[in-house]
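Peer 1: just a sequence and a predicted model for now, questions to come.
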Amino acid sequence: MFARITAMPGLALAKGAVMSGVFDIDAAAARKAADEYGTTCFDSLDALLASKPDLVYLSTPPSSHVALLDRVIGAGCNVLCEKPMCTTTAEVENALARAEAKGLLHAVDHEWRYTSAYKTIRQMVQDGTLGEVRNVSVSICVNYGVVEGWPPYYANFATMKAESGGVVPQLLSHFCDLFEFLFGGLEASGAALSTMIPYKPRSQADPALAFVDAEDSCALSGFLPNGAPAAISATWVATAPTGVQWTISGSGETVIYRTGGLLNGGKLGLVTPEFTLREVEQVPEYNPEVMGDGGNREYQHGLFAAEIEDIAAALGSGRTTGQFATFADEVAVRRNIERWRASGIRAGTIVKERTGG
Ligand SMILES: NC(=O)c1ccc[n+]([C@@H]2O[C@H](COP(=O)([O-])OP(=O)(O)OC[C@H]3O[C@@H](n4cnc5c(N)ncnc54)[C@H](O)[C@@H]3O)[C@@H](O)[C@H]2O)c1
């Protein structure tokens, strides 16, 4: 799904990079993707690695990443891995140590670092516009778990705890990474996690209900490196989504960033001490029709393209860092996920009604 609808169109937009081939354990899926993009279809991962690509992008389900990272890093290839990168902090640390020992570029696909709104906020934090940040709140309210066709609507890796499913690893990991990007870190403290819809159809083809155990709603907290508290609320089972809403207040001005009902787009503004609202930026909405010449750089294709261009520029100048998230950033993200998850996940009332438990 993600490779076909986002990453491959994004790669096709990226300047300074070409797709040199694809591999999938589902040979028909690989052939279809290769034909669509006029690229080589490899019949094994070994064949792909033997072609010595400058970068291998892993877009498989999270539970397969560790074994694939082992082979890609073992072959001495630079790597961009999808999130959630691994299922434990130790796995991320291990991959980080191996990639570093070989001097490889290692990146995690947290493409939202490239949206203009987040780049502007980061600039405001760094140039002192906000002064000392004193409080952050972010609310993410989307409907992926209640709309047929989206992965979290079903019982699969997106909704099972052991497979890195749940709104925290799957969606909030991007926001944890944004805390790294915007404020230099986040230290998880309290957490309330619930699975409000604990029974899901097995798949589009099989409507039989199966039990899922990963959270679909949560209210979390943490501390910024300067001690400022952060409140994070997320759900992907809202029937009426409001998208993303940030309020970042400092000793200077306060930033508010509201998307529409989506994850991207919307408006970013500053509230001054006199309580006047100054609009800073209109962030373009997702518009698939703008995908022609250059694409909509604010939507995920464009963000992925920007990330690939950043990685290509790093590789071209012999660097292993850029604006992209590294495995070291992902250690911090995964550690927070583990801390929040340590308080357990409560099942919604439906389970109690059905099991009496
Ligand atoms: N960055 C984002 O915003 C974003 C958004 C959605 C999903 N994702 C991530 O993208 C990844 C893929 O998710 P998806 O929904 O596209 O999954 P998917 O199940 O639709 O596709 C995964 C593909 O990987 C193939 N595959 C599985 N194991 C393999 C292996 N060992 N070797 C080669 N191919 C293998 C499958 O055959 C399938 O074609 C996940 O990690 C997911 O969390 C990222």
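Peer 2: Ah, there it is.
Peer 1: who touches stretch 221-239?
Peer 2: 132-146, 152, 167-168, 170-172, 175, 179, 183-191, 196-197, 216-220, 336 (C-beta atoms under 8 Å, 6 or more residues apart in numbering). Glycine gets a C-beta too; all of them are placed from N, C-alpha and C.
Peer 1: what's the end-to-end length of that stretch?
Peer 2: When the termini of stretch 221-239 are compared using C-alpha to C-alpha, to the nearest Å, they are 24 Å apart.
Peer 1: go on, stretch 44-56?
Peer 2: End residues of stretch 44-56 are separated by 14 Å (C-alpha to C-alpha).
Peer 1: buried residues in it?
Peer 2: Taking 16 or more other C-beta atoms under 10 Å as the neighbour-count basis, stretch 44-56 is seen to contain the buried residues 45, 48-49, 53, 55-56.
Peer 1: what sits against E330?
Peer 2: Applying C-beta under 8 Å, 6+ apart, we find E330 in contact with 83, 85-86, 92, 96, 108, 177.
Peer 1: up against the ligand, what does the stretch 201-350 of the chain have?
Peer 2: Within reach of the ligand by C-beta under 6 Å from any ligand atom, the stretch 201-350 of the chain has no residues at all.
Peer 1: and the helices in the stretch 201-350 of the chain?
Peer 2: The residue ranges that make up the helices of the stretch 201-350 of the chain, judged by DSSP state H, counting those that start in this stretch, are 300-316, 327-341, 349-355.
Peer 1: so which of these comes closest to P61?
Peer 2: Among the helices of the stretch 201-350 of the chain, the nearest to P61 by C-beta to C-beta is helix 327-341 (16.5 Å).
Peer 1: any weak-confidence spans in the stretch 251-357 of the chain?
Peer 2: Filtered on pLDDT under 70, the stretch 251-357 of the chain yields the residue ranges 283-298, 350-357.
Peer 1: quick revisit: by pLDDT, give me the weakest of the contacts of E330.
Peer 2: Checked by pLDDT, these have C86 as the lowest-scoring entry (91).
Peer 1: tell me who's in contact with whichever residue of the stretch 201-350 of the chain sits closest to the ligand.
Peer 2: Here the stretch 201-350 of the chain gets closest to the ligand at one residue, Q300, 6.2 Å apart by C-beta to the nearest ligand atom. If a contact means C-beta under 8 Å, 6+ apart, then Q300 has 6, 10, 111, 264 as its contacts.
Peer 1: rerun that using 6 Å as the cut-off
Peer 2: When the contact criterion is C-beta atoms under 6 Å, 6 or more residues apart in numbering, the partners of Q300 are T6.
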